[in-house]
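Student: sequence and predicted structure are below.
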Amino acid sequence: MITFGFAIPVAAFLESFNHEPVREPDGRWLWDYTFNVGADHLAELYGRVEDDEVAWEMYISREEAYTDFLWFYGRSALDGSGGSWTLNQDPDSETPVIGILWHRDAEAGTADIKYTNIVPRDPENGGYIHYGVTGGDPYDAFYDIYNAGKDNHTNIAWNLDDKSGRVKDPSHFPDQDWHCWDGLLDDTMCPTPK
């Protein structure tokens, strides 16, 4: 959904890394540039340092279509340890659609990101996909997927090196147990918890 449904704001964000900001009279930093996704767009990314965070706002315009649409906004820690984003649906609807929360510990090599459906009154509101790399043993990566409409959690954990892992999904399996696979991706007995 992020890649295809939000191709324009994703492209705008990625393009920002190719430009230098200019300091505005009000103290904000502005990245101002054009990019193309099916048509030329103008992006204006504003960043303002507030204590130990940066507050961000991305406005996007397309000639003869829309002007200064606040497509996403958020905050990030100055040290790069975490942050949050809120994406609005599109220029025809300023409805908040996805909340993104992320954390990173560069020294430990761990990180996680969580995408949550925040569409008001949507049956899937509160549903999320949470992915992370934990440094745990034997499983050092995970997905926690919550389908709010079905009130179902799918938990997946695996080892990034040998690819062994486990999954728990009451909607798919008739139980609350972990189901495991080995490094060849063949079903196997789950190891006894330590």
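Tutor: Perfect, I can see it now. Since the model is a prediction, treat every value here as computed from it, not as a measurement.
Student: so what strands line up beside the helix or strand hosting residue 35?
Tutor: Using DSSP states H and E, residue 35 maps to strand 29-36. Applying DSSP bridges, strand 29-36 is found paired with strand 22-23 (antiparallel), strand 40-50 (antiparallel).
Student: outside of it itself, list whatever touches it.
Tutor: 11-12, 15-16, 18-24, 40-48 (Cβ atoms under 8 Å, 6 or more residues apart in numbering). Where C-beta positions appear, they are placed from N, C-alpha and C, glycine not excepted.
Student: quick one, helices of this protein?
Tutor: Counting by DSSP state H, the chain has helices at residues 2-5, 7-16.
Student: any low-confidence regions in the chain?
Tutor: Along the chain, segments meeting pLDDT under 70 span 1-5, 193-194.
Student: just the endpoints, please. Distance across stretch 58-78?
Tutor: Terminal residues of stretch 58-78 are spaced 18 Å apart (Cα to Cα, to the nearest Å).
Student: for it, buried residues please.
Tutor: The neighbour-count check on stretch 58-78 (16 or more other Cβ atoms under 10 Å) flags 58-62, 69, 71-74, 76 as buried.
Student: do the same with stretch 140-156
Tutor: Those would be 140-142, 144, 146-147, 154-156, for stretch 140-156 by 16+ other Cβ under 10 Å.
Student: between the residues you listed, which is nearest residue 191?
Tutor: Closest to residue 191 out of those is residue 140 (14.8 Å), distances taken as Cβ to Cβ.
Student: next up, the contacts around that closest one.
Tutor: Here residue 140 is in contact with 133-134, 159-160 (Cβ under 8 Å, 6+ apart).
Student: output the residues you listed as JSON lines; include the columns distance to residue 80.
Tutor: Rendered in JSON lines, the data for these read as follows (distance: Cβ to Cβ, whole Å):
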{"residue": "133", "distance to residue 80": "16"}
{"residue": "134", "distance to residue 80": "18"}
{"residue": "159", "distance to residue 80": "26"}
{"residue": "160", "distance to residue 80": "22"}
